[in-house]
Each structure stands twice: as structure tokens, then as C-alpha cells.
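**Student:** Sequence and predicted structure below; questions after.
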Amino acid sequence: MKYQIMNRSSEVIFNDNINTILPADANKVFIIDNNVYRLYKTDFKELVNSSFYLFEAEEKNKILTQVRNIYDFFQNNNVNRSTVIIGIGGGITTDITSFAASTYMRGCRLILIPTTFLAMIDAAIGGKTAVNYNGIKNNIGTFFPAEKIIISTDFLKTLPEKEMKNGWAECLKMSLIKKSSLYDLLLSKADIKKIIKKTIELKLSICMKDPEDRAERRLLNLGHTFAHIIESISDFKISHGTAVSVGIRAAAKLSYQKEFIDNEVHEKIVQLLDRFDLAENINSKFRKKLLETGHKILLQDKKRNSSNNLILFRDFQDCFVHSNIDPLLIMNILLTFIKVDK
């Protein structure tokens, strides 16, 4: 699956034998999620035969301090613009690897090997890179497509159910943005490889038209304005999938309240999320933090310009960008998704 984004050639490759895809003659270094390395180090024996950096893949580590450590690793291993930097891990790892590769020497060669469902369909696709800053998710970043993204669904065999749900949340989001066959694939519980391919195709069809997130690509943020607030107030203890699921529910509820959709469409959206047993609310212990800092986090949202933009529903599988949303309304909708203590 070859494509062009921002005048850079990129390719998504499905192949379970990763060692046959990597450039054999190139100078290369690896940034690897420590947990992935622990699980697969015997498989990586041939792959990781050069220098590698083990990264503790947690949101709290997706920060500039860690990027500096990666830069030190690059310098110590004489990385230059012809060196291939290969990131292996979930979305946190692919995000920070891509950011470091895009900024070191103004850009090096980059290959990504996503190992989670979420990273395969979202984080590694489309060319966005990012790190968190001052508690704001993905506050600093660049656009820098990898030259190759290698997808091996074998990694999913060791993925915990919680991590699979993170991927399903993004998958369902893609099926709700616009009409496509992905929705039918999800309902039919099709083979995971087919679902991943279709989700990637959909995302790329949007990203190629709008690589810098200024028009149609903003639709990919369905549920994410709410989700980033949720993740931030929990210090990233709430998973991305949980936050996105609640965020989509919040967007659907607000769309219904503003009479953009009727109750039938609202229920159809909710039922799809319920069918995959995705999160309905967040713990009541985060209510105080939401009230204290939610508005500030919203003002830091990178999707915001001079007004608050929110992706809402106009119909089932039909979303649009709605501007000038009252931030108080966003906060009030989110408060309705705080779990009520019994």
C-alpha cells in the first residue's frame, strides 16, 4: 500500500517476517518498547543486531526529557541523515520515535513497526508525531511520515484485552466518520487483518487530501477533544481507548441535544459502542480535577484556533466540524459522563 503525504513517499507493508523487510545494507538503530523487547527478544535476535534504545513506553515518559535521551543515543551511535531509525512498539513509542527522527539533523530516515492494534490503525499512520508537554497530550509535534510502516498482526497474540479495546475505540471512530464498508466489517466480526487494512485505507484517504489537519482530516478528531481532557485530568491513567469511547458518546449526546441528530441516530451510535463493550463513563474521583482544570486543558487543545472546534454528528456515519462551541457546554456534557457513586 504505497502513498504520498507531504511530498514524502510512504508504504504500509503487511508481512509477519519482519527481518525480510528491513533494509539489510543500511546503517540502522532501533528504539524499542522495553516490554515488547522482553516478550520478543528471541525473535529480535537477528533484527536487533545493531544499536538499540530500550524505551519504557508510558505516557508520562512521552516528554522532551526522554527525547533528549534519545538524541544522546543518536549522537553516541553516530546517527546521521542516512541512518534508518526504526521504532518498534505501540503508539507512545512510534510517536516519540517519529518526533525524534523528524527533528534530529532536521530529519532522518524512519521505519515504524507498530505492535498494538491502536498503533497499527492510527498512531503509526498519517505522519503525525508528538510528545506531551506540561500535562497536555501531544502538545508538541511535527508532520513526518515514515518511509515504511510494517504491520505484523502476530504481535496482537500477546496484546492484553485492554489494549485491544483501545484499538477498537479508534476503529469504531473511523467507521462513524463517513460511510464506508468498515462498519459492515465490524458488525460481521471480520478477520482482524481485513479490518486493519480497511481502517488504514480510510485514514490514508483522508490524510492524503489534508496532510496538515486543516480541513477534512479534522474529522479524525471525533471524540478526541473530550478524550484529551479525560486523559489529562487522570494524568494519563485513563487509557486512550476509554477516553475516546466516552468522547464519542459525549459528541453523540451533544449532537442530539443541539438537534443535529434524532434519538434513533443517537441510539444507533451508542449501541455500536456497547456492542464492543467500550467504556460508558469515567470514575467519579476525576470530577474535582475536571472542574478545576478542564477548561484550561480545552484552551490548550491543538485543534482549537480562535474558537472551540468540535466534531459532531449530522447523521449516522456523517460528521462535521462545528465551531464556536461554548466551553462551558463541553464541560457540562463531560460531567454527565462521570460515574455516579452508589
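**Tutor:** Ah, there it is. Bear in mind that the values here come from a model prediction, so they are computed numbers and not experimental data.
**Student:** After the helix or strand hosting His266, which helix or strand is next?
**Tutor:** Of the helices and strands defined by DSSP states H and E, His266 is found in helix 263-275. Sequence-wise, the next helix or strand downstream of helix 263-275 (DSSP H and E) is helix 287-299.
**Student:** Show me what the helix holding His266 is packed up against.
**Tutor:** If contacts are counted by 3 or more C-beta pairs under 8 Å, 6 or more residues apart in numbering; DSSP states H and E, helix 263-275 sits against helix 161-177, helix 240-257, strand 310-315. Backbone N, C-alpha and C define where each C-beta goes, glycine included.
**Student:** so which of the ones you listed is the most packed in?
**Tutor:** Neighbour counts (mean count of other C-beta atoms under 10 Å) averaged over each of these peak at helix 240-257, with a mean of 24.
**Student:** any idea of the angle it forms with strand 310-315?
**Tutor:** Our comparison of helix 240-257 with strand 310-315, counting by axes from the mean of the first three to the mean of the last three C-alpha atoms, to 10 degrees, yields an angle of 60 degrees.
**Student:** Quick one: work out the angle between helix 240-257 and helix 263-275.
**Tutor:** Regarding helix 240-257 and helix 263-275, their directions subtend 170 degrees when assessed with the same axes, to 10 degrees.
**Student:** what mean pLDDT does helix 240-257 have?
**Tutor:** Taken as a whole, helix 240-257 has an average pLDDT of 96.
**Student:** same thing with stretch 218-234?
**Tutor:** Model confidence over stretch 218-234, given as mean pLDDT, is 94.
**Student:** cool, and stretch 109-123?
**Tutor:** Stretch 109-123 carries an average pLDDT of 96.
**Student:** Apart from its neighbours in sequence, what residue is nearest Ile85?
**Tutor:** The shortest distance from Ile85 to any residue other than its chain neighbours is 4.4 Å, reached at Ala101 (C-beta to C-beta, 6 or more residues apart in numbering).
**Student:** neighbours around Phe320, how many?
**Tutor:** 14 (other C-beta atoms under 10 Å).
**Student:** sorry, that was for Asn80
**Tutor:** The local packing count at Asn80 equals 11, with neighbours defined by other C-beta under 10 Å.
**Student:** follow-up on the earlier one: out of the helices and strands packed on helix 263-275, nearest to Arg218?
**Tutor:** Proximity to Arg218, assessed across the helices and strands packed on helix 263-275 by C-beta to C-beta, is greatest for strand 310-315 (6.8 Å).
**Student:** Asn138: what secondary structure?
**Tutor:** strand (DSSP: H, G, I helix; E, B strand; the rest coil).
**Student:** Give me the distance between the nearest residue to it once chain neighbours are set aside and Ile150.
**Tutor:** When the adjacent residues along the chain are set aside, Asn138 lies closest to Ala130, with 3.7 Å between them (C-beta to C-beta, 6+ apart). Plainly put, Ala130 is 21 Å away from Ile150 if you go by C-beta to C-beta, to the nearest Å.
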